[in-house]
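# quick check, what structure comes out for this input:
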Amino acid sequence: MRSETVRCLERVEAVLDPEHLSRTRQLWDDCRHYRPVGHLPVVVGAQSPDWPSYTMSEIQSDMEKMLVSELAPVYASALIGDDRMPEIRANFGTGILPSLFGCEIVHLDPATLPAALPLHDESRVRDHVARGVPDLRGGLGARVFDTVAFYVETLKPYPKLREWVSINLADTQGPLDAAEVVWGSEILEAMYIEQDLVHAFLDLVTETLAAFTRAHAEIDGVPFNPPPTPLGRVCIREDASVMISGDMYNEFCKPRAQRLLDEFGGCIHWCGDGNAWWRSLITLRNLTAVNPFQGQFYDPVEMHRACRETGVMIWQWTTGLTPEQRAQIPTGFTLIQWADSIEAGRRLSSR
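Below you'll find the model as predicted:
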């Protein structure tokens, strides 16, 4: 292992504060279950200037550089003293699941994560349905699993890192998100004219995601119960779902999300305007939290009131709250803010 990697591991190990992290874990658990809290958890996004910086291309080709990059926010959080639950993942972008179905992975920009190109071929979609769950080590799968195994072995000599830094599931997206990438935007038209095929393909993608999650857990060694974080094992992405109606969400997406939540428990993230279906989404069983990443589309007080009724926490609200809104949201809610320095981050996280 390179000396720079070792120095970074030692630096994080030195600054992690188990007492603070224990309080933070309890704070998240209390917030998750709508118990009274002294303050709403605040996660601050900031970069330490003395931490190594790599291009995305470097990170994709080097497990040590990926680990150091994943530890950057953990280190910054420890310096700031915010309410982040430290976590890392094998960060290969959104194309992991599509790559298992033969989608080409491309690097459009050295500064961004790789992306998958759609097949744009209904006959290949039908072939996949006929064959069933693909090889989980195909495409990017082997690189994800090997990276997770590397993380596990590398953290072993560092007691605080091993105990407090969760190795989260890689970005497997969600059933419709992954299916739309594999098939292409044609899947939206097929929802009207090829409904049986869409249902069959979504079922296949869902079962592939479940199998991938189980395989990941065998390597990361974290049991499903208790989950690795208060948010659960899986984070289902519903970004593509903002393009469909509430009725279509209930028909095509909600049953697959329920299938995954019934086995693993977890949270749901989406970008964009989900007003057509978020009220239906929060009634899912075993849903721990939602992350509507563009809060400007919603009334936080209204969403909080609805989520409280179903016991679902709102996780990392992006647009801040007015004093009046904060007074109506005492728990069950976390915030994310951004800072251009560690010192500015400390001011944001101060209580």
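# which non-adjacent residue is nearest residue 336?
residue 316 (4.1 Å; CB to CB, 6 or more residues apart in numbering). Where C-beta positions appear, they are placed from N, C-alpha and C, glycine not excepted.
# which secondary structure elements does the host helix or strand of that neighbour contact?
Element membership of residue 316, judged by DSSP states H and E, is strand 313-317. Applying 3 or more CB pairs under 8 Å, 6 or more residues apart in numbering; DSSP states H and E, we find strand 313-317 packed against strand 287-292, helix 300-310, strand 333-338.
# how about 10 Å then?
helix 18-32, strand 42-45, strand 266-270, strand 287-292, helix 300-310, strand 333-338 (3 or more CB pairs under 10 Å, 6 or more residues apart in numbering; DSSP states H and E).
# who touches the next helix or strand after it?
With elements assigned by DSSP H and E, the helix or strand that comes after strand 313-317 is helix 323-328. Applying CB atoms under 10 Å, 6 or more residues apart in numbering, the contact partners of helix 323-328 are 39-40, 299-302, 304-305, 317, 320-322, 333, 335.
# tell me which residue is most central in the protein.
Residue closest to the mean C-alpha point of the chain, counted by CA atoms, centre = their mean, is residue 235 at 4.8 Å.
# who are the neighbours in contact with that residue?
For residue 235, the contacting residues are 89, 168-169, 171-174, 229, 266-269, 288-289, 291, 315, by CB under 10 Å, 6+ apart.
# so which of those wins on neighbours?
When neighbours are counted by other CB atoms under 10 Å, residue 268 leads the contacts of residue 235 with 30 neighbours.
# how about the residue nearest to that one when sequence neighbours are not counted, secondary structure?
Excluding its sequence neighbours, the residue lying closest to residue 268 (CB to CB, 6+ apart) is residue 236, at 4.8 Å. Three-state assignment for residue 236 (DSSP: H, G, I helix; E, B strand; the rest coil): strand.
# verify the stated contact: the residue nearest to residue 336 with residue 293.
Yes: contact criterion CB atoms under 10 Å: residue 316 and residue 293 qualify, at 7.6 Å.
# what sits against residue 129?
Going by CB under 10 Å, 6+ apart, residue 129 touches 196-197, 199-201, 203-205.
# among the residues you listed, which are in helices?
Secondary structure assignment by DSSP state H places 196-197, 199-201, 203-205 of those in helices.
# what packs against the helix or strand hosting residue 210?
Using DSSP H and E, the element containing residue 210 is helix 195-220. Counting contacts by 3+ CB pairs under 10 Å, 6+ apart, helix 195-220 is packed against helix 96-100, helix 122-131, helix 141-155, strand 166-167, helix 175-183, helix 186-193, strand 234-237, helix 254-264.
# redo those as a markdown table? Include mean pLDDT and distance to residue 84.
Converted to a markdown table, the helices and strands packed on helix 195-220 look like this (pLDDT from 0 to 100; distance: least, CB to CB, whole Å):
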| stretch | mean pLDDT | distance to residue 84 |
| --- | --- | --- |
| helix 96-100 | 98 | 24 |
| helix 122-131 | 98 | 38 |
| helix 141-155 | 98 | 17 |
| strand 166-167 | 94 | 11 |
| helix 175-183 | 98 | 25 |
| helix 186-193 | 98 | 36 |
| strand 234-237 | 96 | 16 |
| helix 254-264 | 97 | 22 |
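# need these in a markdown table with distance to residue 73, can you?
Listed next are the helices and strands packed on helix 195-220 as a markdown table, based on distance: least, CB to CB, whole Å:
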| stretch | distance to residue 73 |
| --- | --- |
| helix 96-100 | 20 |
| helix 122-131 | 36 |
| helix 141-155 | 15 |
| strand 166-167 | 13 |
| helix 175-183 | 23 |
| helix 186-193 | 34 |
| strand 234-237 | 16 |
| helix 254-264 | 24 |
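# ok, back up a step: of the helices and strands packed on strand 313-317, which is nearest residue 189?
strand 266-270 (21.7 Å; CB to CB).
# any idea of the mean pLDDT for that closest one?
The average pLDDT within strand 266-270 is 96.
# residue 312 reaches residue 279, doesn't it?
No: contact criterion CB under 10 Å: residue 312 and residue 279 do not qualify, at 11.1 Å.
# tell me the buried residues in stretch 286-298?
Neighbour counts over stretch 286-298 (16 or more other CB atoms under 10 Å) mark 287-293, 295, 297-298 as buried.
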